[in-house]
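Asker: Quick check, what structure comes out for this input:
(chains A, B, C and D)
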There are 2 protein chains.
Amino acid sequence: MDLLLKPDGLPPALSDAVMFRNVAAGQTLFQAGDSALELFVVEIGRIKVFRCASEDRLVTLELARAHESFAEAALFLETYACTAIAEVDSRVIVYPTQALLAVLGKLPELAEALMERMVQKIQALEVSLELRDIRAAHRRVLQYLRYLAQAKNQRVVSFDRPLKDTAGELGLTPESLSRALARLELDGMITREQRLITLNDQAVA
Amino acid sequence: MDLLLKPDGLPPALSDAVMFRNVAAGQTLFQAGDSALELFVVEIGRIKVFRCASEDRLVTLELARAHESFAEAALFLETYACTAIAEVDSRVIVYPTQALLAVLGKLPELAEALMERMVQKIQALEVSLELRDIRAAHRRVLQYLRYLAQAKNQRVVSFDRPLKDTAGELGLTPESLSRALARLELDGMITREQRLITLNDQAVA
DNA sequence: CGCATAGTTGACTACGCTCAACCCTGGTGG
DNA sequence: CCACCAGGGTTGAGCGTAGTCAACTATGCG
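Answerer: Got it, this is the predicted structure:
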């Protein structure tokens, strides 16, 4: 996504169309059903994208952090199928899909970057799906921690937001997550200090 | 994926690199860990792509049917993270990723087609994830049937493979799926005849 | 005709969800 | 400086439901 991070370097046809938007914490950027005209890149902050399954039930699909894009689906769909809200005060770069598609032919490296990002997303969703297939909460959490640690190539995982939210991402209730962590600690798989968790040797698999 | 269906129409640089491969039912096309050098399109048959979660546990990630592509991740990753096997006798078109990437710049419509396909996949995975969040088996199955019916724009859904496999895709055991279907029929939501299921009025939501 | 596999049904178990109470922290205001 | 409050987090008790194991039936193929 390096390319989309600094619009100035892009062809005028595109960079002229780019906009910026500040989103306050809790504010929604777009809703399911809105016509999909824009693709976004997070400049600063954190955007949560989710589907409303059934009324009170919501499924977090991705958490776009700084420098990450989201809503690529807008490139080919009429309307958004998801809703996006800012978890904290954020600032996003807004790319009109028309302008993006128009310059794709001229900028193969942009197309490549977008595809690479999509592959990452597919991969992430696949991991989520794999995690959901682990029924035992403590096992699921452990595997999740392993993935996080592996991605950062270290054994310490720190959460920058309420465990409650993390629980939702894992398809667990906060209570279950709490119990799972307690059990993992008891079993000696992890040691924790608030939202800072260290994987012990035997947990690295 | 129309473009990738008939390699003859593609630039020689690409079409010369294309290969075809017959895969017998049960035969594996590639395994997790293999170096990822090729992207595939199903000509005829059915390919199952899955991750091995933990030994005996496998998570179906996608089911590529005729004219559908899979293993796009190969474009940007060193090795496959999944395994692909043929569920029935199949024939696939094999695109070396190097050749594909090389002509992307010349063929914006190819890049666009690939991106569109990836968006479809992301969408499909998101739906899977949403389904997993429905705990009650009968509700999950009902929602699944609704999606299938909606996609085909009709109320009849017919399965061309064992319910056992469908159960796995839904993250259920065959027994649970069986019970769920029985209950849905009892509740008057569906009527079924073997692997042919019709959604009743009240089920369309 | 018999074997293998798919599908169904039953009894039991296990584990996550729900609801509820409680602790702990940080922030606010008197 | 402390009382209060709100929200996150933890812990407990009971329930519901999907998984498991098992037996049985149905179907298709040699």
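
Asker: Can you give the domain ranges for chain A?
Answerer: Taking automatic domain parsing as the reference, chain A has its domains at A:2-121, A:134-203.

Asker: Contact residues of chain A facing chain B?
Answerer: With the criterion set to C-beta under 8 Å from any C-beta of the partner chain, chain A comes near chain B through A:51, A:53-54, A:57, A:59, A:61, A:72-73, A:75-77, A:81-82, A:101, A:104-105, A:108, A:111-112, A:114-116, A:118-119, A:121-123, A:125-126, A:128-130, A:132-134, A:171. For the C-beta atoms, the positions are set from N, CA and C on the backbone; glycine is no exception.

Asker: switch the cut-off to 6 Å
Answerer: Contact residues, chain A versus chain B (C-beta under 6 Å from any C-beta of the partner chain): A:51, A:53, A:59, A:61, A:73, A:76, A:104-105, A:108, A:111, A:115-116, A:118-119, A:121-122, A:125-126, A:128-130, A:132-133, A:171.

Asker: that older thread, just put the domains of chain A in TSV and tack on distance to B:V88, mean neighbour count and mean pLDDT.
Answerer: Converted to TSV, those look like this (distance: least, C-beta to C-beta, whole Å; neighbours: other C-beta atoms under 10 Å in any protein chain shown; pLDDT from 0 to 100):
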stretch	distance to B:V88	mean neighbour count	mean pLDDT
domain A:2-121	27	17	93
domain A:134-203	29	16	95
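
Asker: quick one: which of the residues of chain A next to chain B sit in strands?
Answerer: A:R51, A:A53, A:V59, A:L61 (DSSP state E).

Asker: So in terms of bridging, what pairs with the first one?
Answerer: When bridges are taken as DSSP bridges, the partners of A:R51 come out as A:V59.

Asker: Let me know whether it touches A:V59 as I believe.
Answerer: Yes - between A:R51 and A:V59 there is a contact under C-beta atoms under 6 Å: 5.0 Å.

Asker: Identify the contacts common to these two.
Answerer: Here A:R51 and A:V59 share the contacting residues B:E130, scored by C-beta atoms under 6 Å, 6 or more residues apart in numbering or on different chains.

Asker: which one of the domains of chain A lies closest to DNA strand D?
Answerer: In terms of C-beta to the nearest atom of the strand, the element of the domains of chain A nearest to DNA strand D is domain A:134-203, at 3.3 Å.

Asker: residues in contact with A:L58?
Answerer: A:F50, A:C52.

Asker: same thing but at 10 Å, please
Answerer: A:K48, A:F50, A:R51, A:C52, A:C82, A:T83, A:G168, B:E130, B:D133 (C-beta atoms under 10 Å, 6 or more residues apart in numbering or on different chains).

Asker: what does A:V119 give?
Answerer: B:E72, B:A73, B:A74, B:L75, B:F76, B:L77, B:M118, B:K121, B:I122.

Asker: which phi and psi does A:I134 have?
Answerer: phi -90, psi 110 (degrees, to the nearest 10).

Asker: Identify the residue nearest the geometric centre of chain A.
Answerer: For chain A, the residue sitting closest to the mean C-alpha position, by C-alpha atoms, centre = their mean, is A:L63 at 2.3 Å.

Asker: and whichever residue of chain A sits closest to DNA strand C, which of the three is it?
Answerer: Proximity of chain A to DNA strand C (C-beta to the nearest atom of the strand) peaks at A:S176, 3.0 Å away. Secondary structure, DSSP: H, G, I helix; E, B strand; the rest coil: A:S176 is helix.
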